[in-house]
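>>> Here is my input; please provide its structure:
(chains A, B, C and D)
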Number of protein chains: 4
Amino acid sequence: MASQFGQLFRIATFGESHGGGVGVVVDGCPPRLAISAQEIQRDLDRRRPGQSRLTTPRQERDQVEILSGVFEGQTLGTPIAMWVRNEDARPEAYEEMRDIYRPSHADYSTEAKFGLRNWQGGGRASARETVGRVAAGALARKLLAALAEVEVLAWVSQVHELEAPPPPPELLSREQVEAHPTRCPHAETAQRMAQAIEAARARGDSLGGVVSCIARGVPPGLGEPVFDKLEADLARALLSLPAAKGFEIGSGFAGTRMTGSEHNDAFLPAAAHAPAKEEAHAPPLRTASNRSGGVQGGISNGAPIELRVAFKPTATIRLPQQTVNRRGEAVTLEARGRHDPCVLPRAVPMVEAMVCLVLADHWLRQRALDALPR
Amino acid sequence: MASQFGQLFRIATFGESHGGGVGVVVDGCPPRLAISAQEIQRDLDRRRPGQSRLTTPRQERDQVEILSGVFEGQTLGTPIAMWVRNEDARPEAYEEMRDIYRPSHADYSTEAKFGLRNWQGGGRASARETVGRVAAGALARKLLAALAEVEVLAWVSQVHELEAPPPPPELLSREQVEAHPTRCPHAETAQRMAQAIEAARARGDSLGGVVSCIARGVPPGLGEPVFDKLEADLARALLSLPAAKGFEIGSGFAGTRMTGSEHNDAFLPAAAHAPAKEEAHAPPLRTASNRSGGVQGGISNGAPIELRVAFKPTATIRLPQQTVNRRGEAVTLEARGRHDPCVLPRAVPMVEAMVCLVLADHWLRQRALDALPR
Amino acid sequence: MASQFGQLFRIATFGESHGGGVGVVVDGCPPRLAISAQEIQRDLDRRRPGQSRLTTPRQERDQVEILSGVFEGQTLGTPIAMWVRNEDARPEAYEEMRDIYRPSHADYSTEAKFGLRNWQGGGRASARETVGRVAAGALARKLLAALAEVEVLAWVSQVHELEAPPPPPELLSREQVEAHPTRCPHAETAQRMAQAIEAARARGDSLGGVVSCIARGVPPGLGEPVFDKLEADLARALLSLPAAKGFEIGSGFAGTRMTGSEHNDAFLPAAAHAPAKEEAHAPPLRTASNRSGGVQGGISNGAPIELRVAFKPTATIRLPQQTVNRRGEAVTLEARGRHDPCVLPRAVPMVEAMVCLVLADHWLRQRALDALPR
Amino acid sequence: MASQFGQLFRIATFGESHGGGVGVVVDGCPPRLAISAQEIQRDLDRRRPGQSRLTTPRQERDQVEILSGVFEGQTLGTPIAMWVRNEDARPEAYEEMRDIYRPSHADYSTEAKFGLRNWQGGGRASARETVGRVAAGALARKLLAALAEVEVLAWVSQVHELEAPPPPPELLSREQVEAHPTRCPHAETAQRMAQAIEAARARGDSLGGVVSCIARGVPPGLGEPVFDKLEADLARALLSLPAAKGFEIGSGFAGTRMTGSEHNDAFLPAAAHAPAKEEAHAPPLRTASNRSGGVQGGISNGAPIELRVAFKPTATIRLPQQTVNRRGEAVTLEARGRHDPCVLPRAVPMVEAMVCLVLADHWLRQRALDALPR
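Okay, here's the model as predicted:
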């Protein structure tokens, strides 16, 4: 269960950074969904290293191979296994890790858990594990588009102290996000972010930041009222990404500084609305504001889902650091290896993938629950 | 699955705010744990309404009845059902809700999901559902104490604009938290918070804030490296509480404004440590700082787990609000009913319960996984 | 998980034979299903002790109380908790059990597992635990009728050496089964079974037998091709009943003595069939025989599902038996207590309940999976 | 969930008979288990086609490749992916299947479920899917040996009308089973079974039979008292194998013809026993007979677990058969393709694998549950 995610649209990832490769098995994807390796590859290409000067120079083409579950361009309804070979693993670069616990890495806690040292490249804690998530997320994205015209879009909204002004949630497009290697859609801030990231790399240091995400077209009624609240499952999904340290939905922490009368989202009378879709049984409503972030009481209300994820600065830096080896002795670490000075640009497709996985799962769950005629 | 939580220490809550009562079934609690109804009641008393002038005047004694799974003062290893009758439900107070969607409540999204209106008192979205969580959490707390001397302690660290200075994480005690009805351990801030809450109530408005939580004594090795990261399961647990809108672990959102060299937690050479316990197989290490919040790569590292949860201001206010009825017509709502002007003080035992449930579950999972001799 | 069953229509039972009572929480039942306590009670009345001279004289009215999840005669889509108080528990009758392991009972293995002795009345191993299953099964039965006109019918087909001739599967009715307290629809065999059971009781001995079950109206397409084959989930469901020792679907063990050419079920050309229902997308077919028992490759094929369950003779007998006490010493047991000399008649509603639970769960699973237009 | 099995030792299989290959991901295997590809291969070699003249002539070497989760000869505690390429798939041999529903195959029910025809070689319903189970089962077997010296051994006890006399359960060895290609340890019966199978093949017909299985060294206390009874999980595991139609534990169906006084297993006073292992907390007891089959009340009692599985005759035969095509028209099928005239010999390692998977899972579950000192 440790490496599985989802209840009905369920994925299981496998593989280590320095083994043969990384992959995923998707179980529960409905049959008859048109899908091609190219569509999966598109999202993988946004995640892979070596896309720009802002990311790690590790060279991985990350070419996906679909091992099962797809026949003549359609899903079969059976498990879909996808697999990406590691091509540029350099275990020798990690030789020094045999013995040293890197600060704020998973080395020490992983060894404490498993009782052995898998010193090559971070094992499952490596961001390379997210290849499987992004591949599965691309499938979930395609499913959501087929089911309900849901669109999930993330972008870099903050790097270190640099914050981009919030874009209008209805108008932001993938093209605007992809226009700059930082994946910040605000051109001027993007430019400054890139400079900050390159300066950090030059210094041997690293930066963190915030990825924002919006999901448009989510029908009302997804999510459960108690433990499996939509925001709870989203929080888990996003905190499961490497380096994530915080999650907000809607007004988040800022909302704690408002009063109820300021914070509540007033419902507006229905305009000349399109007739209700199958999923929407209460009258389709709008709200004057969206501090709820598209979710009320754990259940989507039809407004865009808006969330933010905090990523800490990359733990791997070249600057010398004090740490301890396996014998408990103080040592100084000067890390080599190839790493991103800032994970934010590559985190964007990971965030989208996790949001797509949560929404696809809840869509199927709601379909099962809503079995009787209304 | 919608109302279940946990994998090995698993709970299922049931009951509505205005039905016969609320309860929980705990499945997977190890046998031979000494437990009494009084120990469960202690945490329920901290959650129940009517504790102080700061909370709702609804009168509920919330007396727990253990229906099964305990015999002669010990758990049997079989399901433990616990049940609390509703005593002061006043459905007539909700008569107006038959027809109106309250802003930022779950009314509309719940009806969209279930295709019917359960208008009495918020149904499962009511904070009354958390009775079952707190009862189960008390059991988890007892188990954690028996297994590993884990101690979980939450407190109110912010109400609206009022922030308490952070207490020293090693020294804070339950007594300090319980000394004031706000459950803020900083006396002066607590006093001001109480005034702000009473003023909000007088105005017919409401306030939000932040609950902080620490877990001390957690052994290294709990949590899984990928989806079931400890921080991911904690985030889900806490975002599943009513009114929660944000979650941070360790440095959280503030950590995004640091560089890697500032943020990394340096490991310190082991002092003359006690010999490793069964759970700790890597040498027990300390870190010079705890921006990781006790979790690295999803796995506990032995440092205190530190987290924060944002709660929005209560959606129910007496001030008039614009909204819409079930026919889509604009109406003005002037809510009556009995509600907390600020949920923070009562959220403290809820946060502790969810953290205890996550830790107990992961403790059992790690015990299963770590089956072979080291 | 130990006391939970089902993936989407999921139940959790709780309670011991000699605690306050027994109950169940049903999670995942679709909203808007009309249900009354009377409908639940109808199946409980078929399960309860004291129905006839053939069963235990323990007097339990088994009146169900619905604690949550139903409002104004309809399911809410939230957890449905149901509860039956124990009324005629006589723990003193089990005093002797404090110390003795009853042969072929769960006493010894349960103590080995849990490390303690819950000596009163068999704890969770008591057939009283099935109250919760039958209550939940009644709900599943109602759901199946609403969804797809599925009808599940079980009967006693064998007691000891007495076998009833197989009834025509299309024509057998509940009335025929309920016409005799043995629940054998073949009047002459029923009469002889009753005599055999009464004779066994008089001797202080007990009898076993076989319950047969048919499910009519199951649409093709339920069940999964690999681990969650419909017959696999049915087998698990039925082997989880107390005293069950064997399971067959379709031709079962007898089919192993046929050749493939004798055993295969020939498909017949479709007659002037009713147009395909939503669930049936391949053309509705019939087979000339039903040795498959309504399931092929783990998936229902539209033919009646036919299965058989073997129940061993009741372990509790009054005849003296050699056994061992907790100190490992040989002792002679002459059991008192009130028990069924033959569980078969009361097993009939239990078998039906388990089959209904499996089918309802798979119906919802198939609804989720079959999400895209055909 | 459809293609997953187990709760803590959990496997997910993937792959089709005529895609690239078949595989499995094992999640939850404890770290630090010594394992090699050769140990996995040993069981796969017993399952693969082409072993003898009794099985299908399809030529597959079934060479396993371990893709992840093993490093330097030890499990890492992370997901173990294993993969076997298809080498001798001949999709052209199935060209005729595009259009025809083969009797007693999964063709029709699978199409009814998934709404499409994956006509090449039976898809997931192919016995080739069991490659993943056998690979994972080999891992479980190794784990069980490391944990508790459990030994699981299956054999062919019946083919068509030919029944082998039951071997003494304590003495039967793997060598005796493997001595003959039928995997029947009784030499004379084995010889006659081989003749019968070859005669059936020559006629174009097929045979079924029974596989028996014993698990020795299982500690008391495995299994759960209600739904997850050990026999229930075993029944599900074994009925999930292709062509399985029945399951018995201990006395099974034959036990229904005994009285309680004949059937009960008397406990015997403990002899000069070895001191109790960690798993056995009640005094280790023996029983005079083992009609319980090693399980009482769903929980192992320390006696050997004994079970039997009925396999129907292979559905694919060369003799002409009446059936129907996708347009509902009557057609005569004369199947070609390469198939086993009797699956029994190759079913032996499959049965063992499923039993090992169930026992390993329950062993880990019991370790988690039994967390407090006795």
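>>> Can you pull the phi/psi pair for whichever residue of the stretch 51-200 of chain A sits closest to chain B?
Proximity of the stretch 51-200 of chain A to chain B (Cβ to the nearest Cβ) peaks at A:A106, 2.3 Å away. C-beta: built from backbone N, CA, C; applies to glycine. Backbone dihedrals for A:A106, given as degrees, to the nearest 10, come out at phi -90, psi 0.
>>> wait, is A:D43 part of a strand?
No - assessed with DSSP: H, G, I helix; E, B strand; the rest coil, A:D43 is helix; it does not lie in a strand.
>>> Contacts only, for it.
A:V134, A:A135, A:G137, A:A138, A:R141, A:P349, A:E352, A:A353 (Cβ atoms under 8 Å, 6 or more residues apart in numbering or on different chains).
>>> In helices only, show me these.
Judged by DSSP state H, the contacts of A:D43 include A:V134, A:A135, A:G137, A:A138, A:R141, A:P349, A:E352, A:A353 as members of helices.
>>> just so I have it, where are all the strands in the stretch 201-350 of chain A?
Under the criterion DSSP state E, counting those that start in this stretch, strands of the stretch 201-350 of chain A are mapped to A:209-216, A:244-249, A:267-268, A:286-287, A:295-296, A:299-300, A:305-311, A:321-325, A:330-333.
>>> Reformat the ones you listed as TSV; add distance to chain B, mean pLDDT and mean neighbour count.
Below are the strands of the stretch 201-350 of chain A laid out as TSV (distance: least, Cβ to the nearest Cβ, whole Å; pLDDT from 0 to 100; neighbours: other Cβ atoms under 10 Å in any protein chain shown):
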stretch	distance to chain B	mean pLDDT	mean neighbour count
strand A:209-216	5	98	24
strand A:244-249	4	98	29
strand A:267-268	4	94	21
strand A:286-287	8	92	20
strand A:295-296	5	98	30
strand A:299-300	4	97	28
strand A:305-311	5	98	27
strand A:321-325	4	93	21
strand A:330-333	5	92	15
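>>> So for chain C, which of those sits nearest?
Using Cβ to the nearest Cβ, these put strand A:299-300 closest to chain C, at 11.0 Å.
>>> Quick one: residues in contact with the closest one.
Residues outside strand A:299-300 that contact it (Cβ under 8 Å, 6+ apart) are A:218-225, A:229-230, A:294, B:106, B:109-110, B:112-113.
>>> now with 6 Å?
A:V218, A:P220, A:L222, A:G223, A:L230, A:G294, B:S109, B:K113 (Cβ atoms under 6 Å, 6 or more residues apart in numbering or on different chains).
>>> And stretch A:246-265, by the same measure?
A:231, A:235, A:238-239, A:287, A:289, A:291-293, A:307-310, B:103-104, B:161, B:205-206, B:208-210, B:235, B:245-248, B:252-253, B:310, B:312-315, B:317, B:319.
>>> Between the two ends of that stretch, how far is it?
Counting by Cα to Cα, to the nearest Å, you get 24 Å between the two ends of stretch A:246-265.
>>> Show me which positions of that stretch end up buried.
Neighbour counts using 16 or more other Cβ atoms under 10 Å in any protein chain shown place A:246-253, A:255-261, A:263-265 of stretch A:246-265 among the buried residues.
>>> same check, this time on stretch A:179-188
For stretch A:179-188, burial by neighbour count (16+ other Cβ under 10 Å) applies to A:H180, A:P181, A:T182, A:R183, A:C184, A:P185, A:H186.
>>> mind checking the SS state of the closest residue in space to A:P185 that isn't next to it in sequence?
Of all residues beyond its chain neighbours, the one nearest A:P185 is A:Q176 (4.0 Å), with distances taken as Cβ to Cβ, 6 or more residues apart in numbering or on different chains. Three-state assignment for A:Q176 (three-state DSSP): helix.
>>> in the stretch 201-350 of chain A, what residue is nearest chain C?
Ranking the residues of the stretch 201-350 of chain A by distance to chain C (Cβ to the nearest Cβ) places A:P225 first, at 6.9 Å.
>>> and that residue, how many neighbours?
27 (other Cβ atoms under 10 Å in any protein chain shown).
>>> That one and A:G298 touch, don't they?
Yes - look at A:P225 against A:G298 with Cβ atoms under 6 Å: they come within range, at 5.2 Å.
>>> Helix or strand: which one has the residue in chain A positioned nearest to chain C?
Closest approach between chain A and chain C, counting by Cβ to the nearest Cβ: A:A368, at 3.9 Å. Assessed by DSSP states H and E, A:A368 sits inside helix A:344-369.
>>> Mind giving me the packing neighbours of that helix?
When contacts are defined as 3 or more Cβ pairs under 6 Å, 6 or more residues apart in numbering or on different chains; DSSP states H and E, helix A:344-369 packs onto helix A:37-47, helix A:130-148, strand A:151-159, strand A:209-216, helix A:230-239, helix C:344-369.
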